[in-house]
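Undergrad: Pasting a predicted model and its sequence here:
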Protein chains: 2
Amino acid sequence: MNPASQLPNFGRIGVIGAGALGALYGARLARIGADVHLLARSDYEEARQQGYHIRSWQGDFRVHPPVYRTAADMGPCDLILIGMKATENRSLPALLAPTCHPQTLVLTMQNGLGNEEAIAAALATNFQITPEAAAGRVLGAVAFLCSTRVAPAVIHHTDHGRLRLAELSGPARPRTHQLAELFQRADFPCQVSDSLPLIRWEKLVWNVPFSGLGVAANANAEKVMRTPELRSAAATLMREVIAAANANGAPIHPSFEQAMFDATEPIGPYRSSMQIDFEEGRSIEREAILGEPLRRARAAGVPTPALELLHSIVLARTLK
Amino acid sequence: MNPASQLPNFGRIGVIGAGALGALYGARLARIGADVHLLARSDYEEARQQGYHIRSWQGDFRVHPPVYRTAADMGPCDLILIGMKATENRSLPALLAPTCHPQTLVLTMQNGLGNEEAIAAALATNFQITPEAAAGRVLGAVAFLCSTRVAPAVIHHTDHGRLRLAELSGPARPRTHQLAELFQRADFPCQVSDSLPLIRWEKLVWNVPFSGLGVAANANAEKVMRTPELRSAAATLMREVIAAANANGAPIHPSFEQAMFDATEPIGPYRSSMQIDFEEGRSIEREAILGEPLRRARAAGVPTPALELLHSIVLARTLK
């Protein structure tokens, strides 16, 4: 990275869902000079008056980018970053209509499966374009991040921040690499992939057991690792997800299971965001992380009895 | 049944675990004139002073059989009925040592798998006899019963009461039929089976999903039946249990799954005893109902990924 080189120019960048994830990435891009605008909603007053306060393991800072109360106020952008929870995806058409123009790119940084497709569907409807044309404007990023919104417009970024980036419509393009360069300039390692299914499913190999058991068994990562019965069940879930991935265009080697356990060993009593959301009474990304993988496994004819049971238990525990 | 015919004589009958199940069967046998003695423990004072008060859908009554505080006080019996929870099985050797003589028969009415074997092991140790000889003195009954201990020595028997009875050591014998006749005289339908594995595993086809999901998903029978995801997961669990049963000497036809759903349809928001125990903070029969079937499936090489996951979640939810 050469600090003197020109910053990749993606024009006017809008952040929808400026919480623990969206505000962090948006603020760091704003700090290096990108033209970032944030849809702040409940944090609007604090963000407008004091800007965003980022307390990060990579250094604390404040920035004061333009903020808006509504998508209409924010208006058209050239690149949209989606940071809101997947549970709010029904709002996508209304949020994207005033914030996109016919060439806008949309990058979703949400968890799980189905978000890129939901965005493409919203674009296709809003702009009366073909599904293929809409897909060509959507990218997905998998974020490896520990970050919490501790107060309005105050984000505590405790660890990591790495991204993996891919196009919904196929292999990486020049713009994919330029976007990765933009994030890298903001000090986030960002790897480009030629396969969105691969980066999404690889993340699910971890997320299905650890997020799912976090809710169904009240178990943080350490409890799963140290309880032989939970660890064995987590391994079974991983194998089912790997089989489903392989049948869905994401070739993942069986050894990825052991790699995930090895990566989890040092992280201690970590709680997934789904477990934290559940324990604090907020809505959880159940369908993006458990339900949609289950449906895609079924559609591909891959038996996933443990995933089916896990999804049903998490569903039951979140029914009113 | 001919009321004038002689009651089958099993001699001195001792009930160990005189709660919602043991006290009900014991009291009804005492009422028809059997020589029943109950180990009452925490209900001792009330049972000694006022006898047992049975409020039953088949008619209320009181009986005043002899009760004891300890197994040593109760002394040797010719037939022991075991009604305590399987979670207390570690006490079996101490409870059976003073209450059995070398010819005593022991009938366990407990839930799940492994109880008969635990009793036979206790008898083999206590009497220094071969495993085969010990097994020859043990019978098992599967109870279909809705009964609650509502106060000390007060039992509310709200529905059912049917028994299925079999020998641990093999097909039914004349004594098995005589014992069934004894229960029938006490107005409990009692069917003799030639296969203990069959009656135990058939009950598990229902108990594994409905007791397990009762704890893991906080779901009563009606919620399982009416939530498509839970019902589908329950069907998967039933198929795993049926496969494990078939590999463990209990030939159960696949159509038994549908029969269990049909039987569950009319029972409404029924909570299994495991769900009730869990919700009221008592110990649950997790290993008898989930753990032991899982181990026997594994030993037979039958994959049971959903059962494995269910057991691990129930285990995690009951860890301190």
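TA: Great, that's in hand. Numbers count the residues shown, from 1 in each chain, chains lettered A, B, ... in the order given.
Undergrad: In this structure residue A:206 contacts residue A:264, no?
TA: Yes - the pair residue A:206 / residue A:264 is scored as a contact, 7.3 Å apart, by C-beta atoms under 8 Å. In short, each C-beta sits where N, CA and C put it, glycine included.
Undergrad: which one of those two has more residues nearby?
TA: residue A:206 (22 against 19; other C-beta atoms under 10 Å in any protein chain shown).
Undergrad: Quick check: nearest residue in space to the more buried one, chain neighbours excluded?
TA: In this structure, residue A:206 finds its nearest non-sequential neighbour in residue A:260, 5.0 Å apart by C-beta to C-beta, 6 or more residues apart in numbering or on different chains.
Undergrad: what's the pLDDT at that neighbour?
TA: Reading off the confidence values, residue A:260 has pLDDT 97.
Undergrad: Wait, a strand at it?
TA: No - under DSSP: H, G, I helix; E, B strand; the rest coil, residue A:260 sits outside any strand and is assigned helix.
Undergrad: what sits against it?
TA: By C-beta atoms under 8 Å, 6 or more residues apart in numbering or on different chains, the contact set of residue A:260 is A:205-206, A:238.
Undergrad: Go through those residues and name the one nearest residue A:22.
TA: When those are compared for distance to residue A:22 (C-beta to C-beta), residue A:206 comes out closest, at 21.8 Å.
Undergrad: State the number of residues packed around residue A:226.
TA: For residue A:226, the neighbour count with other C-beta under 10 Å is 11.
Undergrad: could you check the distance from it over to residue B:242?
TA: Plainly put, residue A:226 is 33 Å away from residue B:242 if you go by C-beta to C-beta, to the nearest Å.
Undergrad: hang on, residue A:193 packs against residue A:172?
TA: Yes - using C-beta under 8 Å as the test, residue A:193 is close enough to residue A:172 to be in contact (7.0 Å).
Undergrad: out of these two, which sits in the more crowded spot?
TA: residue A:193 (21 against 18).
Undergrad: what does chain A put close to chain B?
TA: When proximity is defined as C-beta under 8 Å from any C-beta of the partner chain, chain A approaches chain B at A:213, A:216-219, A:223, A:227, A:229-230, A:232-233, A:236-237, A:240, A:305-306, A:308-313, A:315-317, A:319.
Undergrad: all helices for the stretch 101-250 of chain A, in order.
TA: Listed in chain order, the helices found in the stretch 101-250 of chain A under DSSP state H, counting those that start in this stretch are A:115-127, A:131-135, A:174-185, A:196-216, A:221-226, A:228-246.
Undergrad: Spit out the contact partners of residue A:149.
TA: So residue A:149 contacts A:19-20, A:23, A:43, A:155-156 (C-beta under 8 Å, 6+ apart).
Undergrad: Select only the buried ones of the residues you listed in ChimeraX?
TA: For selection in ChimeraX, the members of the contacts of residue A:149 meeting the burial criterion (16 or more other C-beta atoms under 10 Å in any protein chain shown) are listed in this command:
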select /A:19,20,23,43,155,156
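Undergrad: For the contacts of residue A:149, work out which two are farthest apart.
TA: For the contacts of residue A:149, and using C-beta to C-beta, no pair is farther apart than A:43 and A:156, which are 14.1 Å apart.
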